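Enquirer: Kindly generate the corresponding structure for this input.
(one chain, ligands or ions: 2)
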Amino acid sequence: QSYVELRHINKMYNDYKASDDISFSIQKGQLIALLGPSGSGKTTILRMIAGLENADSGEILIDGKKVNDIPAAKRGIGFVFQNYALFRYMTVYDNIAFGLKVAKWKRKEIDERVQELLKLVNLEGLGNRYPYELSGGQRQRVAFARALAPNPELLLLDEPFAAIDAKVRIELRTWLKEMIRKVGITSIFVTHDQEEAIEVADEIIVTNHGRIEQKGSPIAIY
Ligand code: ADP
Ligand code: ADP
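Expert: Residues are numbered from 1 along each chain as shown. Ligands and ions are numbered 1, 2, ... in the order given. Predicted coordinates:
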């Protein structure tokens, strides 16, 4: 059984077809890129998988269950946005701990988990900094740590490097790929950058005008 499965998804915004008969499936542990030009419907797909948006027709299954039948708190999905979306008035530590406090983890467990994550994203010792004291690459690594904190089963990344300058972006995508491998989490990575998709993903799904145009390994797509 696939971990994520989309079956004939359609979605209209007014009279614009953002998703046009989208079907694909993802196996546990896979790192998939959704690659396509701006406006091709990539973010819409991510939002529907996360249950933030409903499809007009079709089905989305996560681990065999319909997304909308799973309570939001139990979906086990981490989301990283392109603009960091960190809490500006919270320290790095508190940003990462936020979801764990909401989920009522014990203080000691939160502290251990945050320290473990700071290490994972190479930000040890920076727990007391505020987002404005960090570089773009460091902020995005805080966003990864925050998304991974509650041990989600699925990580959704929406153009996570869009706001980062070109040189750092190249370092960061190599780092991201290794980090995801290490954690072993099933991930969907949205990008409009072909080189980035080829570098990061095991499989690429190419979108255009709300449809899937191509699907395959980075070598096949290239
Ligand atoms: P991508 O992520 O590939 O840039 P999106 O999924 O964000 O594409 O958008 C696909 C199309 O749907 C775009 O033309 C966009 O303008 C439109 N769209 C997305 N969200 C909305 C919305 N909430 N209301 C109306 N149109 C939307
Ligand atoms: P709270 O009062 O939010 O429950 P604590 O009493 O555990 O939090 O800690 C007070 C503040 O000290 C936290 O909000 C956090 O900013 C900071 N802090 C706690 N532990 C650490 C740590 N190990 N590394 C960095 N900052 C920490």
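
Enquirer: elements contacting the helix or strand of the chain with the lowest mean pLDDT?
Expert: When the helices and strands of the chain are scored by mean pLDDT, DSSP states H and E, helix 218-221 comes last with a mean of 82. Applying 3 or more Cβ pairs under 8 Å, 6 or more residues apart in numbering; DSSP states H and E, one finds that helix 218-221 contacts helix 194-200, strand 203-208. Backbone N, C-alpha and C define where each C-beta goes, glycine included.

Enquirer: What residues of it count as buried?
Expert: Residues of helix 218-221 classed as buried by neighbour count (16 or more other Cβ atoms under 10 Å): 218, 221.

Enquirer: Identify the residues contacting that helix?
Expert: With contacts defined as Cβ atoms under 8 Å, 6 or more residues apart in numbering, helix 218-221 is touched by 35, 194, 197-199, 201-204, 206, 214.

Enquirer: Show me which pair in these is furthest apart.
Expert: Largest separation among these by Cβ to Cβ: E199 and Q214, giving 17.6 Å.

Enquirer: and these two? which has more neighbours close in?
Expert: More crowded of E199 and Q214, by other Cβ atoms under 10 Å: E199, with 16 against 13.

Enquirer: My read is that the more buried one contacts W175, right?
Expert: No - between E199 and W175 there is no contact under Cβ atoms under 8 Å: 11.2 Å.

Enquirer: Which stretches in the protein count as helices?
Expert: Using DSSP state H, the helices of the chain run over residues 42-49, 92-102, 107-120, 136-148, 166-183, 194-200, 218-221.

Enquirer: How about stretch 1-15 and ligand 1, touching?
Expert: Yes - using Cβ under 6 Å from any ligand atom, stretch 1-15 comes into contact with ligand 1 via Y13.

Enquirer: Grab the nearest non-local neighbour of the residue of the chain found nearest ligand 2.
Expert: In the chain, no residue comes nearer to ligand 2 than G127, which is 3.1 Å away by Cβ to the nearest ligand atom. In space, and not counting its chain neighbours, G127 is closest to Y93: 3.7 Å by Cβ to Cβ, 6 or more residues apart in numbering.

Enquirer: what's near enough to touch that neighbour?
Expert: 114, 118, 127-128.

Enquirer: can those go into TSV with extra columns for distance to ligand 1, pLDDT and neighbour count?
Expert: TSV is the format used below for the contacts of Y93 (distance: Cβ to the nearest ligand atom, whole Å; pLDDT from 0 to 100; neighbours: other Cβ atoms under 10 Å):
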residue	distance to ligand 1	pLDDT	neighbour count
V114	31	98	21
L118	31	98	20
G127	33	98	19
N128	35	98	10
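
Enquirer: T43 contacts H192, correct?
Expert: No - in this structure, T43 is not within contact of H192 by Cβ under 8 Å, at 10.7 Å.

Enquirer: residues in contact with V200?
Expert: Contacts for V200 (Cβ under 8 Å, 6+ apart) come out as 31, 33, 173, 176-177, 189, 191.

Enquirer: Mind giving me the PyMOL select for those residues, buried ones only?
Expert: With 16+ other Cβ under 10 Å as the criterion, this PyMOL line picks the buried residues out of these:
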select buried, resi 31+33+173+176+177+189+191
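
Enquirer: Among the contacts of V200, which one sits closest to ligand 1?
Expert: T191 (9.8 Å).

Enquirer: So what pairs up with that closest one in the strands?
Expert: Judged by DSSP bridges, the bridge partners of T191 are L35.

Enquirer: Surely it touches S38?
Expert: No - taking Cβ under 8 Å as the definition, T191 is not a contact partner of S38, at 10.8 Å.
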